[in-house]
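Undergrad: Just the structure for this:
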Amino acid sequence: MDYDALAAGLAGSIPFVKKVGITFSDLGPDGATAVLPDDPEIGNHVGSQHAGGLFTLAETASGGAFVGSFAELLGEITPLAKGASIQYLKLAKGPIEAKASVPDPDGLKAKLAEEGKIEFQVGVSMTDSEGLEVATAIVDWYVRKNS
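TA: Next up, the predicted model:
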């Protein structure tokens, strides 16, 4: 599986993600890392990252983790983010990195094969360039087999 091509395709195929400049520094079967650049054009009124940018980063990282974990099934399934929550812990300055991974992907794939659909949560941790956690998020996913 060419995970680099998956990462490039995913980041480039979603217009809003592309507009704010989010890229993947890592994407594979064990998770994904996405990066929100330090760009004043997308910042907020206090000179830090905008809350909407952080939310988009979290959702994008969770989607990358999903794609990496389910890469071999992507043509057979439809994923939907059905909800999310985020906690802003401190001002997010500079580029922000978000790490996400799917819990027990093998178990989820087995359940998907048996039941035709699954629901699960992906946790996301966002850190600044000093490694300080600036936000956390949970994204709720619903995945079904295509008819």
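
Undergrad: The residue nearest the centre of the chain: which element?
TA: Central residue of the chain (Cα atoms, centre = their mean): Ala61, 1.7 Å from the mean position. When elements are assigned from DSSP states H and E, Ala61 belongs to helix 51-69.

Undergrad: And stretch 72-84, what's buried?
TA: 77, 79, 84 (16 or more other Cβ atoms under 10 Å). Quick note: C-beta positions are derived from backbone N, CA and C, even for glycine.

Undergrad: Then stretch 123-135?
TA: For stretch 123-135, by 16+ other Cβ under 10 Å, it's 123-128, 134-135.

Undergrad: what two of those are the furthest from one another?
TA: Farthest pair in these (Cβ to Cβ) is Gly123 and Asp128. Separation: 18.2 Å.

Undergrad: right, and Val124 touches Ala137 too?
TA: Yes: counting by Cβ atoms under 8 Å, Val124 does reach Ala137; the two are 4.3 Å apart.

Undergrad: what residues are shared contacts of these two?
TA: Taking Cβ atoms under 8 Å, 6 or more residues apart in numbering as the contact rule, Val124 and Ala137 both touch 58, 62, 98.

Undergrad: Just among the residues you listed, which is most surrounded?
TA: Ala98 (30 neighbours; other Cβ atoms under 10 Å).

Undergrad: Mind checking which of the buried residues of stretch 123-135 are in strands?
TA: Among those, the ones falling in strands (DSSP state E) are 123-127, 134-135.

Undergrad: nearest to Leu91, of these?
TA: The closest of these, once distances to Leu91 are taken by Cβ to Cβ, is Val134, at 7.2 Å.

Undergrad: Please tell me how far Gly43 sits from Val67.
TA: In this structure, Gly43 and Val67 are 28 Å apart, going by Cβ to Cβ, to the nearest Å.

Undergrad: Look at these two and report which has more neighbours.
TA: Between Gly43 and Val67, counted using other Cβ under 10 Å, the more crowded position is Val67 (21 against 15).
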